[in-house]
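Enquirer: Sequence unavailable; structure follows:
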Ligand code: BMA
């Protein structure tokens, strides 16, 4: 199976949200108990984002909860780092807990915030685990060589590269190294960032990433895939040279930010089939289906 868009895309829009929002998009995704759970970003009427849970029995039809699940105001002492909103959660299951890594936005510019939950109802927030500017952070779901690993996207001057670092406790991070960089003159020439959390496959750690190319005053967001070594995750075993998903349909071309396909969540099933939850034009939630085998084959 290559990449197949769900025929009823988009699966969620503003109309599906039972409270007042400007948009719903960029969900983190996980199988929780016997359901599919999306932690969606909702832009509130004041233009600042919070998260809301949406649940589904079959992975395609979701019901959005009646109120936000996590808001900037829930961040206690760290509120000043999330005052302008929380964005784009990635969910990793580590040792029985769910860790969320997401962008905290404020006058200090984007930082990576981490929180922990067991039930997606109450959250323990840890505040920033990076300095600005940094976003697009995922955690590997298990320790390797006795360390936790995070992959993120710091920005410096005109550089937008993906870096990896390690930690004994998920709080203190070091051993920073560059993992991959934009490819000049291609679809990923300006910026890249990890999209989905990594999943373990027989050939390595597999994830989707996004690549951005600017065109005049606008830009295009497309998705690719990347494979890291299982024991030495700082080694890139393969990546796509062409995008696997690019803006094509109206719901990806036209919206709050035109010409964007962006993902920060997927569900990889036991049989190797994959549901990519992604958003078109920063305005909705969509699904594309594929398989681990297909993604591995294009990472060669
Ligand atoms: C990125 C993030 C995403 C957004 C994307 C496209 O920098 O801010 O939330 O979906 O840009 O606008």
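Expert: Happy to help now that I have it. Only a predicted model underlies this, so the values are computations on that prediction, with no experimental measurement involved.
Enquirer: Looks to me like residue 207 is in a strand.
Expert: Yes - assessed with DSSP: H, G, I helix; E, B strand; the rest coil, residue 207 lies in a strand.
Enquirer: Could you verify my assumption that it touches residue 200?
Expert: No - the pair residue 207 / residue 200 is not scored as a contact, 10.8 Å apart, by C-beta atoms under 8 Å. Every residue, glycine included, has its C-beta placed from N, CA and C.
Enquirer: Looking at the two, which one has more neighbours?
Expert: For residue 207 versus residue 200, neighbours defined as other C-beta atoms under 10 Å are more numerous around residue 207 (23 against 13).
Enquirer: separation between the more buried one and residue 66?
Expert: 32 Å (C-beta to C-beta, to the nearest Å).
Enquirer: For the stretch 101-250 of the chain, which segments count as strands?
Expert: 111-117, 123-128, 134-139, 148-156, 159-160, 162-167, 174-180, 191-194, 199-201, 204-215, 218-228, 236-239 (DSSP state E, counting those that start in this stretch).
Enquirer: nearest to the ligand, of those?
Expert: strand 218-228 (5.3 Å; C-beta to the nearest ligand atom).
Enquirer: Burial check on the nearest residue to residue 47 once chain neighbours are set aside, number of neighbours?
Expert: Ranked by C-beta to C-beta, 6 or more residues apart in numbering and with sequence neighbours excluded, the top spatial neighbour of residue 47 is residue 22, at 7.1 Å. Residue 22 is flanked by 16 other residues according to other C-beta under 10 Å.
Enquirer: next one: residue 135
Expert: 24.
Enquirer: ok so, going back, looking at the strands of the stretch 101-250 of the chain, which is nearest to residue 77?
Expert: Judged by C-beta to C-beta, the one of the strands of the stretch 101-250 of the chain that comes nearest to residue 77 is strand 123-128, at 6.9 Å.
Enquirer: Give me the packing partners of the closest one, helices and strands only.
Expert: For strand 123-128, the packing partners by 3 or more C-beta pairs under 8 Å, 6 or more residues apart in numbering; DSSP states H and E come out as strand 111-117.
Enquirer: Enumerate the residues of the stretch 51-200 of the chain near the ligand.
Expert: With C-beta under 6 Å from any ligand atom as the criterion, the stretch 51-200 of the chain meets the ligand at residues 87-88.
Enquirer: Quick check, the residue in the stretch 51-200 of the chain closest to the ligand?
Expert: Nearest residue of the stretch 51-200 of the chain to the ligand: residue 88, at 4.8 Å (C-beta to the nearest ligand atom).
Enquirer: Tell me the spacing between that residue and residue 25.
Expert: Distance from residue 88 to residue 25, by C-beta to C-beta: 9 Å.
Enquirer: Of those two, which one has the most company?
Expert: Between residue 88 and residue 25, residue 25 has the larger neighbour count (other C-beta under 10 Å), namely 30 against 26.
Enquirer: Show the pLDDT at the more buried one.
Expert: pLDDT, residue 25: 99.
Enquirer: Does it touch residue 286 like I think?
Expert: No - checked against C-beta under 8 Å, the pair residue 25 and residue 286 is beyond contact range at 9.3 Å.
Enquirer: Which neighbours do these two have in common?
Expert: Here residue 25 and residue 286 share the contacting residues residue 279, scored by C-beta atoms under 8 Å, 6 or more residues apart in numbering.
Enquirer: Can you list the neighbours in contact with stretch 114-126?
Expert: 32, 37, 39, 53, 69-70, 74-76, 78, 96-102, 113, 127, 129, 170-171.
Enquirer: Can you say which helix or strand has residue 296 in it?
Expert: Following DSSP states H and E, one finds residue 296 within helix 292-298.
Enquirer: Show me what that helix packs onto, helices and strands only.
Expert: Looks like helix 292-298 contacts strand 199-201, strand 204-215, strand 218-228, strand 273-280 (3+ C-beta pairs under 8 Å, 6+ apart).
Enquirer: Lovely, talk soon.
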